[in-house]
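Okay, structure incoming, though there's no sequence with it:
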DNA sequence: GTGTCCATTTCGAGG
DNA sequence: CCTCGAAGTGGACAC
């Protein structure tokens, strides 16, 4: 990885056009050739970038040095360097990578193992029940035999309600299923999503992730 | 901005749990306090990060130094530093900021100038036609006088169809408009979105951005 | 401030 | 390889 701190002016042309006036910034060049230009503010997103694969060519225009970064497509990044304050290269090697835990998939697994936590008497028919427009997270059945489609989200927002609504519309046309109820399950459900769901006759359940995890045998929790 | 290149081990706990094994990485600390940890691969997204506002406290555990970055909420980033290869501070000042041009808005402008490219005989009534739930990109009228609502997207996905559907539902209740047809226009329309649109009687049009631009007088294209 | 929608999204899974 | 949905999404604009 090469780190350059320099006063520079940047122009991007490709999917859109963008321009950065002359100012001091950090230019990060990864060993795969990708380039990103960071300011000292904002979140982690760089001001401009070019993802790999790409090539860097250097042009000299009088006192100025211009880097041109090009990809296969029409994307071009032009970096005009005025003053270079620092230019250093580091050998970081390949990263062992990130281990995650606690996303939607895990929540879905937990609920698949404990459907009764969503509603007493509920039993699992299958996970990822396939419909022509995509898989329903959980297909369950109530004590009375009615099918119940469950959409699982980490955060319950309006999109998730729309998604479940589409599934329900489709499933209710299937004579093999008959009537299908809907449950929208999430750790936190936003008020607007709750209003929309209720208006459509969809039940909302707030899921306690830690409590659910407590119900599990804790084989794979310690690592 | 402070740049530290160091062998480190990182743990994040908050919205999820994540762990990074010991390896050499770049740690970027911006002047607003935000921290991001980058490897020498992948796109611009860091492996771990903590957005501002947050506070960094330093703990010493024998030979090791541990940085603890905490936000208001439950988010915590724990960085255990083994070897520090470089640690430098730069004063970048505030960035003058990015100037963009040429996204969905431009596509909408082009289509507003050439509605007949969407369907022969179509004429523009107005751009950004306001409804209580948001603006319709283009309101047009067909040769026969029927109103046509057009939703413009760079990439046509299922969300866009939902959006147009909501607008159409609302507009069709307006006796002043009468029947309203829908056109979903995008540079590329995904198959699932096309299926949903068709199922709802919404026409799909793939837009050739470059061809449209060719129809324009090219005053403002050169700069 | 909250809500909503776009993004040069990035990232991962699955067919 | 593409397609799709999720993200600790981030960012901009409207209300």
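Yep, it's here. The structure displayed is predicted, hence computed values, not measured ones. Residues are numbered from 1 along each chain as shown, chains lettered A, B, ... in the order given.

which residues does the residue lying closest to residue A:56 once chain neighbours are set aside form a beta bridge with?
Leaving aside its chain neighbours, residue A:56 sits nearest to residue A:69 (5.2 Å; criterion: CB to CB, 6 or more residues apart in numbering or on different chains). Where you see a C-beta, it was placed from the backbone N, CA and C, and this is true even at glycine. Here residue A:69 sits in beta bridges with residue A:56, residue A:77, going by DSSP bridges.

Quick check: nearest residue in space to residue A:158, chain neighbours excluded?
In space, and not counting its chain neighbours, residue A:158 is closest to residue A:193: 5.0 Å by CB to CB, 6+ apart.

Starting from the helix or strand that contains the one you found, tell me the next helix or strand along the chain.
Following DSSP states H and E, one finds residue A:193 within helix A:191-199. Of the helices and strands lying after helix A:191-199 in sequence (DSSP H and E), the nearest is strand A:203-206.

which helices and strands does the helix or strand following that next one pack with?
Next helix or strand after strand A:203-206 toward the C-terminus (DSSP H and E): helix A:209-215. Helix A:209-215 sits against helix A:104-113, with contacts defined as 3 or more CB pairs under 8 Å, 6 or more residues apart in numbering or on different chains; DSSP states H and E.

quick check, the helix it packs on touching chain B?
No: Helix A:104-113 lies out of reach of chain B by CB under 8 Å from any CB of the partner chain, never closer than 9.1 Å.

Please point out which parts of that helix sit buried.
In terms of neighbour count (16 or more other CB atoms under 10 Å in any protein chain shown), helix A:104-113 has its buried residues at A:106, A:107, A:108, A:110, A:111, A:112.

which residues sit against that helix?
If you take CB atoms under 8 Å, 6 or more residues apart in numbering or on different chains as the criterion, helix A:104-113 is touched by A:117-118, A:124, A:127, A:137-138, A:150, A:152-154, A:185, A:187, A:207, A:209, A:212-213, A:215-216.

Could you do stretch A:131-147 as well?
Stretch A:131-147 is contacted by residues A:108, A:111-112, A:115, A:118-130, A:148-152, A:163-164, A:166-167, A:170-171, A:177-181, A:183, B:192, B:195-196 when judged by CB under 8 Å, 6+ apart.

Neighbour count says what about the contacts of helix A:104-113? Which are buried?
By neighbour count, with 16+ other CB under 10 Å, those hold A:117-118, A:124, A:127, A:137-138, A:150, A:152-154, A:185, A:187, A:207, A:212 as buried.

does the closest residue to residue A:93 other than its chain neighbours sit in a helix, a strand or a coil?
Of all residues not flanking residue A:93 in the chain, residue B:24 sits nearest, at 6.2 Å (CB to CB, 6+ apart). Three-state call for residue B:24 (DSSP: H, G, I helix; E, B strand; the rest coil): strand.

how much space between residue B:24 and DNA strand C?
According to CB to the nearest atom of the strand, to the nearest Å, residue B:24 and DNA strand C sit 18 Å apart.

still on that earlier bit, out of the contacts of stretch A:131-147, which touch DNA strand D?
A:163, B:192 (CB under 7 Å from any atom of the strand).

So how do I select the buried members of the contacts of stretch A:131-147 in PyMOL?
In PyMOL, a selection of the buried entries from the contacts of stretch A:131-147 looks like this (16+ other CB under 10 Å):
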select buried, (chain A and resi 108+111+112+115+118+119+122+124+127+129+148+149+150+151+152+163+164+166+167+170+171+177+180+181+183) or (chain B and resi 196)
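
Residue A:167: helix or strand, and which one exactly?
Taking DSSP H and E as the criterion, residue A:167 maps to helix A:158-171.

For that helix, enumerate the helices and strands it packs against.
Looks like helix A:158-171 contacts strand A:123-131, strand A:134-141, strand A:147-156, strand A:180-189, helix A:191-199 (3+ CB pairs under 8 Å, 6+ apart).

how many degrees apart are that helix and helix B:191-199 in direction?
Angle between the axes of helix A:158-171 and helix B:191-199 is 60 degrees (criterion: axes from the mean of the first three to the mean of the last three CA atoms, to 10 degrees).

quick one, helix A:158-171 and strand A:134-141 angle?
Counting by the same axes, to 10 degrees, helix A:158-171 lies at 70 degrees to strand A:134-141.

so residue A:43 touches residue B:53, yeah?
No: counting by CB atoms under 8 Å, residue A:43 sits too far from residue B:53 to count as a contact (12.0 Å).

More neighbours: which of the two?
Counted by other CB atoms under 10 Å in any protein chain shown, residue A:43 and residue B:53 do not tie: residue A:43 has more neighbours, with 13 against 10.

Enumerate every residue touching the residue nearest to that one when sequence neighbours are not counted.
Spatial nearest neighbour of residue A:43, excluding adjacent residues (CB to CB, 6+ apart): residue B:51 at 5.3 Å. With contact taken as CB under 8 Å, 6+ apart, residue B:51 is in contact with A:43, A:44, B:34, B:71.

In terms of pLDDT, where does the first one sit?
Per-residue confidence for residue A:43 comes out at a pLDDT of 95.

And for the third one?
The predicted local distance difference test score for residue B:34 is 96.

Tell me the secondary structure of the nearest residue to it once chain neighbours are set aside, please.
Nearest residue to residue B:34, sequence neighbours excluded (CB to CB, 6+ apart): residue B:52, at 4.3 Å. Assigned state for residue B:52: coil (three-state reduction, three-state DSSP).
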